[in-house]
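I need the structure of the sequence given here:
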Amino acid sequence: MTIKEIEELLIHAKESMNESKFSEAEQLSRQCIENLTLHNDNIQSLVMAYRILCESYIKRGIYQQAYLIAKQVLDLYEQYLSHEDQAHILRLIGIIKLENSEFEIALQYLEESLSIFKSLDQDYNGALCLHDMARIYYNYSNYSVALEYFEKVLLEFEKNNDKIRIGKIKNNIAMIYHVQADYHQAISLYLEAILIYNEYNVKSDLATVLSNLGVAYKGISDYENSFLSFQKAITIFEELNMNHHLAQCLGNIGVNYRDLHDYERSIEYLKKSITMHQELGLINGMAMFIGNLGITYSQMGSHVQSLEYLKEAYQLYKYLHQEVESALFACNIGHGYYLFGKYEQALQYSHESLPILQKNGRQEEATGAYRTIGLVYASPNYMGYNCEKAEKILLEVIDSYTHLDTKLYLYQTHEFLATLYKQEHRWEEYAEHIEKYHQLYIEVQNEEVKKQVDRFGWERKLIEMEKEKEIEKIKNETDKKILEETINFQKLSIEQQSRELKNTIEELVRKNTLLQHIQSDIKKIAPHTIREGAEHIKQLLDRVERNITPLESNQQLHNQLNEIHKDFMYNLHEKFPDLTIMELKIAALLSMKLTSSNIAAALFLSKRTVESHRLSLRKKCGIGKDDNIYEELSKYMV
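Numbers count the residues shown, from 1 in each chain. Here you go, the predicted model:
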């Protein structure tokens, strides 16, 4: 292969990287490496091929392999490298160490790379190093320095009109606003980045921002947009084989389900995420979602399991020298020990976390640690019981939660303080705080009910809850009868919705399938369209995509599916308890004689994903490959 042919291959490899075609980029760069010999005339092409291969591995989260390649280039070819090539390789190693949470080592490599670029007067490449260093300071929770660096880098990228990297900086600045709970500002910047990535078709970065956007929407309790953003991100991550990002996305979906009190599904997604992070060797991601699993078990009241996972996450973050994250879980561990009545341990962990959280601006979490300290001193079984100290702390906690507008923790703290006053027979103060507790409790419960209904349409659960609550309160038999008749009417309404499910879901499948065919056809003609026509094609594609409706995002259909097939799914789960929620849902759709293609269209999944679930379903249910899956599943119909 001639040098000219190799250079053409390298150009194609770079283009493949820009289009997020990582497997193709890796194949082309390996082809170049195999056909290049170590010679002064082609050393630059050889290093470029290795760089592309390394960058592709980084994008796909294969950090160990990327590191081995970068080190090999430094060790074997150091005497042949130009200063610029050396700086690029050092930066790549710095990025790998950053992704592996080895922040101090990453800074050393990046500072060395930056120093070389400065000596060569290469401001743009220097800005790339500053960008990576800013990400490290972000991980250190030093947001002011991170923001300062990002803004410097943004000026350089704007000067060079580098739109794609401008999108990357907007995403990173959004993450700072995000972690400081300024969700609306974060969402605005995420959307700006998405516009850029859509315009330039940078799929990998688009998916990353969509995943971040899903977390930001969760911050404002917009679960519908949160789930939709995650679903779009997952589709791209699966397509590009970006498993490290996919693992993160699955974990975030698990956190969503926890917030919606769907603990079974939350645990399912969190455990999937933890397993994937473990297989990829990503300790940071493991720690994050092991800790979230602990929080989930805590909310379920399983405090023994909760403490086990929280302590594991705490130790992992200690190992990674991530002070803020370890403090966050120390705060949760402190509260867990308080619930067990192990007060000295509760104080130890709470006192450890409090100054770190305060120093890093994590006001809500710091208030939680301070509240645990107050609760310990308010506990009559604690040897150091101190009413005055507890009262002072809990009043300060109430002021802090009021300022933060955190109603859930605020009403709980009013209840704790009322209990303290009751112990001390201070009835006037007790009455004041118990009244505030009841007022806030009603507000919080109303908001919680609305959140559940908005996402899932859990009419049936709400009806039963209201029935039990209201019947206890209503003494007048006439009023009780009216209430029961109203509830019965609502139940009949739900049954009617269930009977309409099959027709509705088949209509949804037909519509989605038609739109996806149209979308595919439009994409085929898009490359042959120029100027004004291309813009119309893009608008048409956007319109088609907006009208493709996954079953998960249709609240009514989601509720109806669970209602009409509840006995079938119960029987199947009783017989085969290892079945996941998604497998049960696909089994229900299969029982309606839907094909894999139709199920994929209904759930907005890839056909490959549905086939994978079908295969798992066959294995777990003992259905042979020659058996008719529709007939076998029909045996569990009522």
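
which residues of the stretch 501-638 of the chain score low on pLDDT?
The stretch 501-638 of the chain contains residues with pLDDT under 70 at 501-512, 529-533, 544-564, 604, 637-638.

run the last query once more with 50
Filtered on pLDDT under 50, the stretch 501-638 of the chain yields the residue ranges 553.

and the helices in it?
Taking DSSP state H, counting those that start in this stretch as the test, the helices found in the stretch 501-638 of the chain are 501-525, 531-547, 555-564, 566-575, 581-591, 596-603, 607-621, 629-634.

ok now the helix or strand containing L46, how far from the chain's centre?
In the assignment (DSSP states H and E), L46 maps to helix 43-59. Taking Cα atoms, centre = their mean, to the nearest Å, the mean C-alpha location of helix 43-59 is offset from the chain mean by 30 Å.

which one of the helices of the stretch 501-638 of the chain lies closest to A287?
Closest of these to A287 is helix 581-591, at 25.4 Å (criterion: Cβ to Cβ). Yep, even glycine has a C-beta here, placed from its N, CA and C like the rest.

and the closest one, what other elements does it pack with?
Helices and strands touching helix 581-591, by 3 or more Cβ pairs under 8 Å, 6 or more residues apart in numbering; DSSP states H and E, are helix 263-280, helix 555-564, helix 566-575, helix 596-603, helix 607-621, helix 629-634.

quick check: domain ranges of the protein?
Residue ranges for the domains of the chain, per automatic domain parsing: 282-405, 457-492, 501-516+547-634.

of all those domains, which lies closest to K159?
Per Cβ to Cβ, nearest to K159 of those: domain 282-405, 31.6 Å.

just the angle between the helix or strand where E7 lies and helix 43-59, please?
Using DSSP H and E, the element containing E7 is helix 3-18. With axes from the mean of the first three to the mean of the last three Cα atoms, to 10 degrees defining the directions, helix 3-18 sits at 20 degrees from helix 43-59.

buried stuff in helix 3-18?
I6, L9, L10, H12, A13, K14, S16, M17 (16 or more other Cβ atoms under 10 Å).

and the residue lying closest to I274 once chain neighbours are set aside, what pLDDT?
Excluding its sequence neighbours, the residue lying closest to I274 (Cβ to Cβ, 6 or more residues apart in numbering) is F289, at 5.0 Å. For F289, the model assigns a pLDDT of 94.

I figured F289 hits I267, correct?
No: the criterion here is Cβ atoms under 8 Å, and F289 misses it with I267 at 10.8 Å.

identify the contacts common to these two.
Taking Cβ atoms under 8 Å, 6 or more residues apart in numbering as the contact rule, F289 and I267 both touch G254.

hmm, who's touching the helix holding E7?
With Cβ under 8 Å, 6+ apart as the test, helix 3-18 has contacts from 22, 24-25, 28-29, 31-32, 35-36, 41-42, 45, 48-49, 52, 55-56, 59, 202.

which SSE is G374 in?
helix 363-377.

name the residues of that helix that are buried.
363, 365-377.

any chance of JSON lines for those residues, columns pLDDT and distance to E429?
Shown next, in JSON lines, are the buried residues of helix 363-377 (pLDDT from 0 to 100; distance: Cβ to Cβ, whole Å):
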{"residue": "Q363", "pLDDT": "87", "distance to E429": "26"}
{"residue": "E365", "pLDDT": "91", "distance to E429": "28"}
{"residue": "A366", "pLDDT": "93", "distance to E429": "26"}
{"residue": "T367", "pLDDT": "94", "distance to E429": "21"}
{"residue": "G368", "pLDDT": "94", "distance to E429": "23"}
{"residue": "A369", "pLDDT": "95", "distance to E429": "25"}
{"residue": "Y370", "pLDDT": "96", "distance to E429": "20"}
{"residue": "R371", "pLDDT": "96", "distance to E429": "18"}
{"residue": "T372", "pLDDT": "96", "distance to E429": "22"}
{"residue": "I373", "pLDDT": "96", "distance to E429": "21"}
{"residue": "G374", "pLDDT": "95", "distance to E429": "15"}
{"residue": "L375", "pLDDT": "95", "distance to E429": "17"}
{"residue": "V376", "pLDDT": "96", "distance to E429": "20"}
{"residue": "Y377", "pLDDT": "96", "distance to E429": "17"}
